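Engineer: Let me see the structure of the following:
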Amino acid sequence: MKVVALVGESGTGKSYRAITLAHEKDLDCIIDDGLFVQKNKIIAGKSAKRESTAVGAVKRALFHDDDHRDLVKQAIHGRQPQGILILGTSERMVKKIAERLDIGPIQEFVYIEDISTEEERKMARKQRGDLGKHVIPVPTFEIKQDFSGYFIDPLKILRRRKDNTIDVSEKSVVRPTFSYMGRYTISDKVICDLVAHASSKIIGVSKVARIDVMTGPNGVVITMDAIMVYGNPLRTLAKQIQEQVKKEVEYMTALNILAINITIKSLVVLS
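Structural biologist: Next up is the predicted model:
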């Protein structure tokens, strides 16, 4: 198995360039901030960007926790990748990760200065320092559950293949828990108001009588009672409500909607 390391200071754009570099080096897997990623899919691990402190994030990235390390080691052994790209802030860090995961020795070191310009690294530092933004080299839908309630933006990358076709990959931009910019919270009352507003846009819904919001670490479950207008297909209306509520609440709050449970309490006849 070929092992390559990408080394660079924090906030210089390593994660942004990881997918492209892995493609150029014919590496099908990436180890980045505690995650084991294969072909744009998280296979195992926990993102260091979910840790509540910078120290905790470093320990997570180094697979300091034995249970975390063992799960990723098992995943690597089971997948038998042809090559792995390890990201780290120093040679010592990437060597430590390779040692912890038993995937050494590292055969090649690539430095961020070799694959980016000073202007690009300056821009990356600005994104990190001023806006608290970090890149995770997987599509947004892959991390949506783990980062429920965080600001997440998809970032599409176009790359031309050797056969001249276009390959589209996606990275995700998140603001981690340990960002100095602080955390934000959304009250259940705000979520209920958004649910009621989204539901009112569906023709055939008279009103929403009750809304309950249950928030968990992976997302939100919404339970609601609805009063419908007689003469409309109820199953179709309920499905439309679910789709509209999910679309608007996720867009407005960045929360991951796990389920929307609807009970039709009564019907009204319009004169």
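Engineer: CA only for contacts and neighbour counts going forward, please
Structural biologist: Will do.
Engineer: Now do the same for Lys39: its pLDDT.
Structural biologist: Looking at Lys39, its pLDDT reads 82.
Engineer: And Leu71, how far from Lys49?
Structural biologist: Distance of Leu71 to Lys49, computed by C-alpha to C-alpha, to the nearest Å: 18 Å.
Engineer: Neighbour count for these two, which is higher?
Structural biologist: Lys49 (25 against 16; other C-alpha atoms under 10 Å).
Engineer: Surely that one touches Ala57?
Structural biologist: Yes. With contact defined as C-alpha atoms under 8 Å, Lys49 reaches Ala57; the gap is 6.3 Å.
Engineer: any residues in contact with both of these two?
Structural biologist: Applying C-alpha atoms under 8 Å, 6 or more residues apart in numbering, one finds that Lys49 and Ala57 are jointly contacted by Asp33.
Engineer: what's the closest non-adjacent residue to Asp212?
Structural biologist: Nearest residue to Asp212, sequence neighbours excluded (C-alpha to C-alpha, 6 or more residues apart in numbering): Thr223, at 5.1 Å.
Engineer: Distance of the one you found relative to Ile203?
Structural biologist: 20 Å.
Engineer: So which of the two has more stuff around it?
Structural biologist: Between Thr223 and Ile203, counted using other C-alpha under 10 Å, the more crowded position is Thr223 (16 against 13).
Engineer: Which element, helix or strand, includes that one?
Structural biologist: strand 219-229 (DSSP states H and E).
Engineer: Could you give the backbone dihedrals for Lys28?
Structural biologist: Check again: residue 28 is Asp, not Lys. Backbone geometry at Asp28, expressed as degrees, to the nearest 10, gives phi -100, psi 0.
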